[in-house]
Structures are given as structure tokens and as C-alpha cells.
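S.K.: generate coordinates for the sequence data below:
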Amino acid sequence: MTEWEREKFIGPTAEQVECWLHAQSELDWARVGLPPLSDWDPALLAVLRMSVYAPSPMLLLVGHEGIVIANDAARQLFAIKASAGSFNGRAVADVLPAYAPLWKLILTRAQLGETTALRDEPIRTPASDGDEQLRWFHLDFMPVLDSANGFLGTLGMVCDVTDHIQRIHELSDSEERLRLALDGSGMVGVWTLDVASGLSTADVNVARAYGLSEEDCKNGIDDSLFFDAIHPDDRERVQTAFEHAVVTRSSYQNKYRVIGRDGKTRWVITSAKPSIDGYGEVMRMLGVVIDVTNQMETASALAESRFRFQTLTEALPQIVWSCAADGEHDYFSKRWSEFTGIAPENIVEETWKELVFPDHWPTVSDVWDAALRSGEPYDIDYRFRHHSGEYRWLRVMALPIRDDDGKVIRWFGTSTDVHDAYLLAEQREKLADELVKIATVDHLTQVLTRRAFIDRASEFLDAGAAAEVSMLMLDIDHFKSINDTYGHAGGDCVLVYAAKRVQACLKQHDLIGRLGGEEFAVLLPGCAVEQAHQVAHRILHLMQRDPFKLEDGQQVSVTVSIGMTTGAAGANSLDELLMIADQALYGAKNGGRNRAVFSSAQTA
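M.R.: Numbers count the residues shown, from 1 in each chain. Predicted coordinates for the structure are as follows:
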């Protein structure tokens, strides 16, 4: 216990009590119809002496009129100076006349032998500056009886719960703000990082949290500016963790502080998942940001006052829990039972462990054990069994509470249902994949579009990953005649069959794209001249081996003309290879079609 706490809770000495009682005996009790203090009933004097020793505020209301004699703690609580002579020795209805009906009720019940307990009672009391202030009290009043059960007075015990009520009001306001924020998408923000360009886009909520231009974040902004907004003490840790997630193609989650344009520091949680392309590389990071400043501050406040106001936790929408320094849980708010469907009396230490999603338990156990050993804040996402049987995603955080020596004495934590946010991120990832497919895959033949083929082939050539590379240009022979004879539907079927047969002759890493109409291009990485000829002749053979069967049962014999060339990656550009292969294609057509013509590429 600190020196301040000892001073606060230690009551008066015996000498001080005697001095106080002597001062009260000097009052003119006859003026209010009472005998001298020394002639009071022993039971009344015993209660009075007890109240004087008590460090808590206590009022003794003597007789049917409720003549006040209050200890110093009560006078200080009501901001009445001891020297004023205007508190003790007066009827309570005169001391606080605004609450005369309340005092009448209390005195009437006491005279009937009944106690009165009032909770969170608002009372205006004098302030030290002379004005009035509204405060809240727990009031407990009980009758004081003589040895024959005759009524002597009423003993009142007063507990100032103003701080508690104000905290509840703050939490209620915070919960309302949270509801409004969620309704307007102001609590959860979303962002996307394009890994190749290093540009990030984000909604207005993320922009405001990081103190960045809303317009710039909408259009795309260098991701370094987001890191610059992170608190200096957290920046390196966050950046390292994020870069690790990108390199390892893994999910990312972190909790840290950001500094807004107003200079204020706020706590945020960022979660993200990588979007992987067809080559297994991370194209984008798709993420959400949650502002948890109020939750973190509230959790800390609860850690300081939970032993006095446990009901405060029930005002929070999150699950609130606490445990001893060794990790043994001793408290779950009612939200926990609402979520799990398990009554408080049925909770044992192993209960929460059994509700963790089995695949997640090893990680949860390791992270929790590490936090207990290090004393660092606990922060993890995992799935937890809901009373419906569904495993829902929770964001679980805990802060250590330390004594004056820095030793962890307790843990206080919150568990927030973030399942919907996770589903939102997954839906966005699926949508992004669909958009990528629309932009890169030809909807009819399911090969690359012209733009996607050019982009990927250019990337390969620029990288110089293979010493040699071959390019094939293919054109379906007499395709206009096929369209005229069998209609566009028949022509579409021929395009689909032709693309499938070409793909059957290629390796997994080869690229094929539809450049337009009936024209296709194939890039063969690491393919020399002889191998290119082999691929071309496989295509010619497979294409004409069996007729194509259309949907209406008709059969179409199809051949292709192929132009090909071989060059060196890094020495020949894509445009050069396409041009040379295209010239060779014209040679194949002019030579009678259904053949492959090779033309050499010039290298520097």
C-alpha cells in the first residue's frame, strides 16, 4: 500500500475522537429538543463513537426529526467546513432541504424498523468554491434501537460513487459512438496495397486515422506515408512484421499507435491477407483497420477499478476477462456467457481452452505462454466456438497490470467479435481475384487476353530468366469460311477447341494468349530452335488428327498455320519476336497453310 493509500484509509486516533466528541458535547442540543450528549442512550452513543472512528462518511440522524451529527468524512464529502457550525445539530431536512421528501421517507421507514438502501442516488452538494455540484451516492440507512427496541435514530452510511457513475456514462457514450461509427463505417476502414508499385489506396476513415489526404488515399499514395504516421516507438516493429508477411505470403496482424493530423495518438489494429497471382507471388495486401483506442483505455480503467465496480464491464460490447499473474482466469463478463452459452457457474479454467478452434490452439497456447513469461501485451486473432456451434473470429487483447515495482500482478483483457470483418476481407479478396481473372483471361477460350499475354511475356523477357526463348504465332486456317458455314456459335466452338488442343501441347510454364479473332501467340521459355519445331509439329498434328465436333453434331476439320522464331531473353524484345513470328506466319499462309515456318531472330 502506498503512503497516499495509508493516509486515505487510516481513521482518526483515539485522542482525535475524544476531541471531536467533546466539541459535539458543546453544541446546544436543547435547542433541537435533545438532552446533553452525555445523557444520550448508550446505544446511541456507541453508534456515534463507531461512526467517528470510521474512515467512511457516516451520518447519525437522531430522533424523529433526524437531527444530524456527522463524522468528519461526511462533512468533507458534503464540502461543509467543520468550523461553520451549520451541519451538526440541525434537522437533516434543513441541511439539504431540496431532498426533504427523501429524508422523510428514510426517517419514516427507520421508525418502522425498516432499512433503506438507495443506489446511484443523485444529490446536489455544496462545492468548495461555493457553487453546487451534482454527485452520486450509495445510501444505506438503518434504525438505531435501544435495549427495549425503542426507536432512537437512524444510522446512515454514504458511499460517493460519482467516479463510477461518470465512467458508466462515458462508457455508454462510447458505446453509442461505436454504434454510430459502425453504422456509418467510421470504425472499420479498409485499404489495399499494390506490392509492385508500392501504392496504397484507403477509404476516408483510414485516411483520417493516419492524418493523410483523403483524396490522395482514394487515388493511391506511397505506402511509406502510412508508416510515417505510425508512432516512432512502434514504426520499426510494424514495418518489419509487414514486410515479413509479404515475403512469406502470410496473413498480417498488428496493433500499434498512429499520430493523426491533430497530434493525438490513437491505438489501431490492422489485419491483412495477401492476394496471390498465378505465379504464387503477392500482388496485393488487402486489409482492414480498427480503431480500438476507447477499448484499450477502457480496459486499463477497468484494471484499476474492477474490485469496486465490476458491473462497469457489463456496459462494454466486448467480452471482458481477467486473470491472475500466472494466467489463471478468475473473471468473465456476462458477454462471455452470452457468446458461448455457458453459465458462469459452469466455467472452469479448461473451459476457454476447449472452445478454441482446434487448429488454432497450438498458436494460441504459444502466444499466451510467451506473454505470461515476458509481461508484454497479449494480442492475437483466433476462432472461438459460439453458442450456435459456429467458430467465430475473435480479436483478443490483454494488458498486464503492474505493481509499484513493475511486477505483473494481474491481466485484464477484451475479446472482440471481428468475424464479420474477416468475412469482409475474404469477400474482397474473392472479388479482387474475379476482377483479375476478368482482366487477364479471355472469357471464351480461357487463355490470356492480349494485354495480359503482352504484360507477362514482357516481364519474363525483361527478367532474362532463360537463355533462349521461342515465340509462336498461330492462325486458324480459313476461319472466316468456318464462321460463314457454321455461324458464329460454331466459330466460337472451334476457337475453344483449338485453344485447348494448343494448350495440350505446352508445358505448365509456357504462355498462351489470344491476340484477337482467330490469332494466338505462344511464348516458350527456355526453348531452342529444335524444340520449337517439335512443339509446332505437335500442334499441327493434334489439330488435324480428329475433326472438331460442334454442339449440333456437325464435324469440322481444322488446321492452323504457325510462324515461329527463337531469340535470346534480354537481347530480343517482345515486339521483335512477335513481328518476326508474324512474318513467318504469313510465309506459312502463303506456302499453302497447315504448316509451320521458322524465321531467325537477330540478336545483338
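S.K.: may I see the buried residues of the longest helix along the chain?
M.R.: Longest helix in the chain, counting residues (DSSP state H): helix 479-504. Applying a neighbour-count criterion of 16 or more other Cβ atoms under 10 Å, one finds 479, 482-483, 486, 490-495, 497-499, 501-503 buried in helix 479-504. C-beta here means a position set from N, CA and C on the backbone, and glycine is covered the same way.
S.K.: name the helices or strands packed onto that helix?
M.R.: strand 468-476, strand 511-516, strand 519-525, helix 529-545, strand 548-549, strand 555-556 (3 or more Cβ pairs under 8 Å, 6 or more residues apart in numbering; DSSP states H and E).
S.K.: ok, which of those comes nearest G567?
M.R.: Among these, the nearest to G567 by Cβ to Cβ is strand 468-476 (6.1 Å).
S.K.: if we can go back for a sec, just give me how far the longest helix of the chain sits from the chain centre.
M.R.: Helix 479-504 sits 52 Å away from the centroid of its parent chain (Cα atoms, centre = their mean, to the nearest Å).
S.K.: that helix vs strand 511-516, what angle?
M.R.: 170 degrees (axes from the mean of the first three to the mean of the last three Cα atoms, to 10 degrees).
S.K.: avg pLDDT for helix 479-504?
M.R.: Averaging pLDDT along helix 479-504 yields 88.
S.K.: tell me the predicted confidence for the closest residue to V447 other than its chain neighbours.
M.R.: Of all residues not flanking V447 in the chain, I512 sits nearest, at 4.8 Å (Cβ to Cβ, 6 or more residues apart in numbering). You'll see I512 listed with a pLDDT of 92.
S.K.: wait, what's in contact with I512?
M.R.: I512 makes contact with V447, L448, F453, A499, V502, Q503, L506, F520, A521, V522, L523 under the criterion Cβ atoms under 8 Å, 6 or more residues apart in numbering.
S.K.: can you count the residues close to the first one?
M.R.: Neighbouring residues of V447 were enumerated by other Cβ atoms under 10 Å; the total is 22.
S.K.: before we move on, what about W103?
M.R.: The number of residues near W103, taken as other Cβ under 10 Å, comes to 23.
S.K.: cool, L472 as well?
M.R.: 30.
S.K.: contacting residues for it?
M.R.: Contacts of L472 by Cβ under 8 Å, 6+ apart are A521, V522, L524, A532, V535, A536, I539, I562, G563, M564, A581.
S.K.: the last one reaches T565, doesn't it?
M.R.: Yes - because the distance of 4.8 Å satisfies Cβ atoms under 8 Å, A581 is recorded as touching T565.
S.K.: need the overlap of contacts for those two.
M.R.: M471, S599.
S.K.: before we move on, back to that, between the helices and strands packed on helix 479-504, which one is closest to R383.
M.R.: strand 511-516 (39.6 Å).
S.K.: in that closest one, what counts as buried?
M.R.: L511, I512, G513, R514, L515.
S.K.: from the chain's centre, how far out does it sit?
M.R.: 44 Å.
S.K.: how much space between V204 and N572?
M.R.: From V204 over to N572 the distance is 48 Å, taken as Cβ to Cβ, to the nearest Å.
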